[in-house]
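> Sharing a sequence plus its predicted fold:
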Amino acid sequence: MRRVRRAVVFTGAGVSAESGIATFRDALSGLWARYDPASMATAEAFAAEPDLVWGWYQWRLRQVAEAQPNPAHRAIAALATRVEQLTVVTQNVDDLHERAGSRDVIHLHGSLSATRCFDCARPHPLSNDVLAEVVEGQRISPPQCGFCGGWIRPGVVWFGEMLPDGAFEQALDAAGKCDLLLAVGTSGQVYPAAHIPQHALASGAWLVHVNPDSIAPRAERERSLQGPAGHWLPQLLELIGGVDD
């Protein structure tokens, strides 16, 4: 850590979970319990029941708006002041990294707030004011595009869709040039994103996993720290200068 010049922090749902945001793989509870999250994460589901899918994603967006960055998010943002170059790559669709102070975050799976037209793909920013009225289990008709009249959809990557233009290539390039990649709160099960840590390792970087679950290192330059990211990341940051108050 003391010799690191270029670092990549690659985050997954476990980081956001420490801020109270349920992971995508968690079973839904309450009024959403009768639905499978995966069944609402396709273009086909949105086309068939736009009010159901839009209502669920608006509920998720309200959860994000009410959540706060945790010590892991803040430690990641502070790391940018300790190294020559830091690239944050996330599979998460929230904005907690940005709200903690990280800049130019690469969102591999899109963003809940980057809404766009389902038909013509034009961006369609929404006001956060409407989130105050969103309740769990509520079907909500999505707004319509002012250009073509199509439904406005969440800005996330659904199953079967391509990643945002250039996002994967930028992340892979940063991983290939870094000295250290921290894989934080990610199971490494979702591809092609899961290639990124392994690419860093194959390119000569150290790979450190930070995860509540045990991850067995399989290479000489691979390490694993088991436990919450909010516990381990501030400690890692201390190794290269100490945590800001």
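Alright, I've got the coordinates. Residues are numbered from 1 along each chain as shown.
> so what are the domain limits for the chain?
1-21+69-109+164-245, 23-66+112-156 (automatic domain parsing).
> In a markdown table: those, plus mean neighbour count and mean pLDDT.
Heads up, the C-betas are built off the backbone N, CA and C, glycines and all. Output for these, formatted as a markdown table (neighbours: other CB atoms under 10 Å; pLDDT from 0 to 100):
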| stretch | mean neighbour count | mean pLDDT |
| --- | --- | --- |
| domain 1-21+69-109+164-245 | 19 | 92 |
| domain 23-66+112-156 | 16 | 85 |
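> Which stretches in this structure count as helices?
Counting by DSSP state H, the segments of the chain that form helices are 13-17, 43-48, 50-66, 71-79, 96-100, 167-177, 195-202, 229-238.
> For the fourth one, enumerate the helices and strands it packs against.
Using 3 or more CB pairs under 8 Å, 6 or more residues apart in numbering; DSSP states H and E as the contact criterion, the elements in contact with helix 71-79 are strand 6-11, helix 96-100, helix 229-238.
> got the angle for that helix vs helix 229-238?
For helix 71-79 against helix 229-238, the angle by axes from the mean of the first three to the mean of the last three CA atoms, to 10 degrees is 20 degrees.
> how close does the nearest residue to residue 145 once chain neighbours are set aside sit to residue 66?
Leaving aside its sequence neighbours, residue 145 sits nearest to residue 117 (CB to CB, 6 or more residues apart in numbering; 3.9 Å). Applying CB to CB, to the nearest Å, the value for residue 117 to residue 66 is 27 Å.
> and if you look at residue 72?
According to CB to CB, residue 72 stands 18 Å off from residue 66.
> just checking, residue 54 touches residue 140?
Yes - counting by CB atoms under 8 Å, residue 140 is a contact partner of residue 54 at 5.3 Å.
> which residues sit in contact with the residue nearest to residue 145?
Contacts for residue 117 (CB atoms under 8 Å, 6 or more residues apart in numbering) come out as 124, 145, 147, 148, 150, 151, 152, 153.
> how much space between residue 69 and residue 166?
Taken as CB to CB, the span from residue 69 to residue 166 is 26 Å.
> Specify the strand with the largest residue count in the protein.
Assignment by DSSP state E gives strand 110-117 as the longest strand of the chain.
> Tabulate the CA atom coordinates of it in CSV.
C-alpha atoms of strand 110-117 as CSV (Å, rounded to 0.1, in the frame of the first residue of the first chain):
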residue,chain,number,x,y,z
GLY,A,110,-25.8,2.2,-15.4
SER,A,111,-27.5,4.5,-12.9
LEU,A,112,-31.0,4.6,-11.4
SER,A,113,-31.1,8.3,-11.9
ALA,A,114,-29.9,8.4,-15.6
THR,A,115,-33.4,7.8,-17.0
ARG,A,116,-34.0,7.8,-20.7
CYS,A,117,-36.6,7.0,-23.3
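> now it and helix 50-66, what's the angle there?
Using the same axes, to 10 degrees: strand 110-117 against helix 50-66 is 140 degrees.
> and strand 110-117, how far out from the chain's middle?
Centre-to-centre, strand 110-117 and its host chain are 13 Å apart (CA atoms, centre = their mean, to the nearest Å).
> just stretch 136-155 next, same as before
On the basis of CA atoms, centre = their mean, stretch 136-155 is displaced by 23 Å from the centre of the chain it belongs to.
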